[in-house]
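Novice: Quick one, fold the following:
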Amino acid sequence: MPKQLYPLPPVTHDTETPWTNWGGNQSCTPAFTVRPKTEQEVLDTVRFAIKEGLPVRAVGAGHSFTPLVQTGGILMDLEGLAGLTGTDTDTSRVRMYGGTRISDVGAPLWDKGLSLSNQGDIDKQAIAGAISTGTHGSGIELGSFSSALRWAKIVNGHGEIVEVGENQLRELKAAQVALGTLGIFLEVELQASPAYHIVEEITYPMWDEVERDWEENIRNNRHYSFIWCQEEGSAELYELPTPTGESMVNRTYTKKYRAANLNEATELSSVEGARKDRAYEIYAGGYMIPFHELEYYVPAEQGLEAVKAVQNLLNTTHKDQKYPLEVRWVKGDEGYISPFYKRDTTVLSVSGAPGTNYWPYLRDLDALLEDFDARPHWGKIHFMTRERMQRHFPEYDTFVQVRKEFDPNGVFLNDHTRALVG
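Specialist: This is a model prediction of the structure:
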């Protein structure tokens, strides 16, 4: 007979309710979906799980394409544990609950004279999930959300609330990217920036111009990225605006941003492609149509060569793939299993259409970029194994040791994470 479960502690929950991610390619039916609203409810639930031998996984906005969330045990939805908890304008530090959506912090931070130092096109993620997977924006001098982590309050696998800060660098470097395997992030502190505006410049150069100005654009813009289109219909798959009457074949949708201090009464602009506004009003742009994405990272000095190799793969072996190639940059950091560990990085993002067999393409891409020492985005489709992690991450063993100290019995592991770091 199945083991009889004691009743959950008093906390809002569902029983055996199916969960599906935003992209529609991951799902599970946990025994319990729990929606805590206080730290005590999180702690009580984890202690219940330990007592009953149930695994626990946290979920934020469900924007990961990998099986990070799946569990048959307890799925902990942190949406009710959200909001800023403190700011320090002298140090530009900000604290917030783990379930806080990135989209909800821009305005209140601005009111305190602060801004996030960087963010990506999508701002619906929960901050704990963004940190745990190495989510990022673009800019060779700017790190990911994970790199900005300076302190965290965590419920670990012993059923304790612990704090990790800058006086515990070994543990902090493990917490900066941990795939949810150290425990539940109740509250985090990030290094932010003094409030700033952004000036946007969107252009549509042909590939030869992008290649010609490669280094200049990377170094001379706070944020620089482009999306290279191989087919006429590629741009519309990401709902990109395109120039009237111009072919997008071998052309890029290019974004350049510089920071500014604008007079909001006279200098703001809402003109598409040339906006001038508060940083948080401009960063986020979409995407609304679901897709399934793979994102790999190569050393910045090999970025151009890697991009051209992927272009060749699309133009020869996989002409059936229509999604364009997005390219960005991220500064290196110190997280033990961060994809940006101790190297500045060029980001290559591709997608497959939901409902199609994109696996041959993605596997060929994985093999191609392995020659460039590529590391994966942990929240997007990848083919990483434990053996490959040991080769790609010099401090892999240190991370696993810290993980075991936080969670010796694997309360916060699922099949996916156990195979990688269990």
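
Novice: now the helices for the stretch 101-250 of the chain?
Specialist: 106-111, 127-133, 169-175, 207-212, 214-219, 234-237 (DSSP state H, counting those that start in this stretch).

Novice: and Glu264, which of those is closest to it?
Specialist: helix 106-111 (10.6 Å; CB to CB). Using the backbone N, CA and C atoms, a C-beta is placed for each residue, glycine as well.

Novice: what pLDDT, on average, does the closest one get?
Specialist: For helix 106-111, mean pLDDT rounds to 98.

Novice: tell me what it is packed against?
Specialist: strand 84-88, helix 279-283 (3 or more CB pairs under 8 Å, 6 or more residues apart in numbering; DSSP states H and E).

Novice: what's the burial count for the residue nearest to Pro67 when sequence neighbours are not counted?
Specialist: Distances taken as CB to CB, 6 or more residues apart in numbering place His416 nearest to Pro67, at 4.0 Å, with adjacent residues excluded. Residues lying near His416 (other CB atoms under 10 Å) number 18.

Novice: Can you pull the phi/psi pair for His416?
Specialist: phi -70, psi -50 (degrees, to the nearest 10).

Novice: so what's it up against?
Specialist: Thr66, Pro67, Leu68, Gln70 (CB atoms under 8 Å, 6 or more residues apart in numbering).

Novice: Please name the nearest non-neighbouring residue to the last one.
Specialist: Put plainly, it is Gln70. That would be Cys28: by CB to CB, 6+ apart, it lies 4.1 Å from Gln70.

Novice: And for that neighbour, the neighbour number?
Specialist: For Cys28, using other CB under 10 Å, the count is 19.

Novice: for Glu239, same thing?
Specialist: When counting by other CB under 10 Å, one arrives at 11 neighbours for Glu239.

Novice: One more: Val249?
Specialist: 14.

Novice: quick one: contacts for the nearest residue to it once chain neighbours are set aside?
Specialist: Leaving aside its sequence neighbours, Val249 sits nearest to Glu232 (CB to CB, 6+ apart; 6.1 Å). Taking CB under 8 Å, 6+ apart, we find Glu232 in contact with Ser247, Met248, Val249.

Novice: Would you agree the second one is in contact with Gln230?
Specialist: Think Met248. No. Counting by CB atoms under 8 Å, Met248 does not reach Gln230; the two are 9.0 Å apart.

Novice: And for the closest residue to Leu362 other than its chain neighbours, the neighbour number?
Specialist: In this structure, Leu362 finds its nearest non-sequential neighbour in Leu294, 5.2 Å apart by CB to CB, 6+ apart. By other CB under 10 Å, the residues close to Leu294 number 24.

Novice: so Leu294 makes contact with Ser351?
Specialist: Yes. In this structure, Leu294 is within contact of Ser351 by CB under 8 Å, at 7.4 Å.

Novice: which intervals of this structure have sub-threshold pLDDT?
Specialist: Counting by pLDDT under 70, the chain contains low-confidence residues at 1-7, 286-288.

Novice: sorry, back to before: output the helices and strands packed on helix 106-111 as CSV; include the columns mean neighbour count and distance to Pro9.
Specialist: Listed next are the helices and strands packed on helix 106-111 as CSV, based on neighbours: other CB atoms under 10 Å; distance: least, CB to CB, whole Å:
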stretch, mean neighbour count, distance to Pro9
strand 84-88, 15, 23
helix 279-283, 20, 37
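
Novice: Rebuild the ones you listed as CSV, extending it with distance to Glu334.
Specialist: Formatted as CSV, those follow (distance: least, CB to CB, whole Å):
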stretch, distance to Glu334
strand 84-88, 22
helix 279-283, 24
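
Novice: Mind checking those for the one nearest to Ala374?
Specialist: helix 279-283 (25.6 Å).

Novice: That closest one packs against which elements?
Specialist: Using 3+ CB pairs under 8 Å, 6+ apart, helix 279-283 sits against helix 106-111, strand 197-203.

Novice: hey, which of the ones you listed is tucked in deepest?
Specialist: Neighbour counts (mean count of other CB atoms under 10 Å) averaged over each of the helices and strands packed on helix 279-283 peak at strand 197-203, with a mean of 18.

Novice: what residues does that strand touch?
Specialist: 222-223, 241, 253-262, 268, 272-279, 282-283.

Novice: Run the chain-centre distance for that strand.
Specialist: In terms of CA atoms, centre = their mean, to the nearest Å, the centre of strand 197-203 is found 23 Å from the chain centre.

Novice: With stretch 85-104 instead?
Specialist: 17 Å.

Novice: tell me how far the ends of that stretch are from each other?
Specialist: Criterion CA to CA, to the nearest Å; first-to-last residue distance in stretch 85-104 is 13 Å.

Novice: quick one: buried residues of that stretch?
Specialist: Of all the residues in stretch 85-104, those buried under the rule 16 or more other CB atoms under 10 Å are 87, 92-102, 104.

Novice: Equivalent analysis for stretch 320-334, please.
Specialist: Buried residues in stretch 320-334 (16+ other CB under 10 Å): 321-334.
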